[in-house]
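>>> The following block contains a protein sequence and its predicted model.
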Amino acid sequence: MDADAFRRTALEMPDATESAHGRHPDFRVRNKVFATLGYPDAAWGMVKLTPEQQEVVVGAHPEVFRPSTGAWGRGGSTLVRLEALDPATAVSVLRMAWENVTATRRAARPASSARPRTGRP
């Protein structure tokens, strides 16, 4: 897979948009990053997985995935070697990353926020 194919696959996720930070293209949903391109160099991308998901994909495909360094990596940030990534695996990990970001946003919203406030207890 090349960077353009990774980009197209990321942008196929519902409501995904392309932006940039740190001079690297990133892919967001509701302004939260779920994937990037070009870090640490043009041969790599990144997907925002959970630490458990990261352990599974790195274990299954060590030639494709590796944890990012430092705290980001311990938190699930996972580097993807683009040339070794096949299309089906790309869809799978980008979907996981997209779901992680959208699930976090849904979980952060309190249940009571769906009801209008009246100003009374």
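Sure, I can see it.
>>> Going by C-alpha atoms from here, please, whenever you check contacts or count neighbours.
OK.
>>> Excluding sequence neighbours, find me the nearest residue to residue 32.
Nearest non-adjacent residue to residue 32, counting by C-alpha to C-alpha, 6 or more residues apart in numbering: residue 101, 6.6 Å away.
>>> At which residues are the strands of the protein located?
16-21, 24-29, 32-37, 44-48, 65-67, 77-81 (DSSP state E).
>>> now the helices: where do they sit in the protein?
Counting by DSSP state H, the chain has helices at residues 3-11, 51-60, 70-74, 87-108.
>>> Make a markdown table out of those helices and add distance to residue 24.
Shown next, in a markdown table, are these (distance: least, C-alpha to C-alpha, whole Å):
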| stretch | distance to residue 24 |
| --- | --- |
| helix 3-11 | 12 |
| helix 51-60 | 22 |
| helix 70-74 | 16 |
| helix 87-108 | 17 |
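>>> Quickly, which of those helices bottoms out on average pLDDT?
Of all these, helix 87-108 carries the lowest average pLDDT, namely a mean of 88.
>>> Name the nearest residue to residue 18, ignoring sequence neighbours.
Of all residues not flanking residue 18 in the chain, residue 27 sits nearest, at 4.7 Å (C-alpha to C-alpha, 6+ apart).
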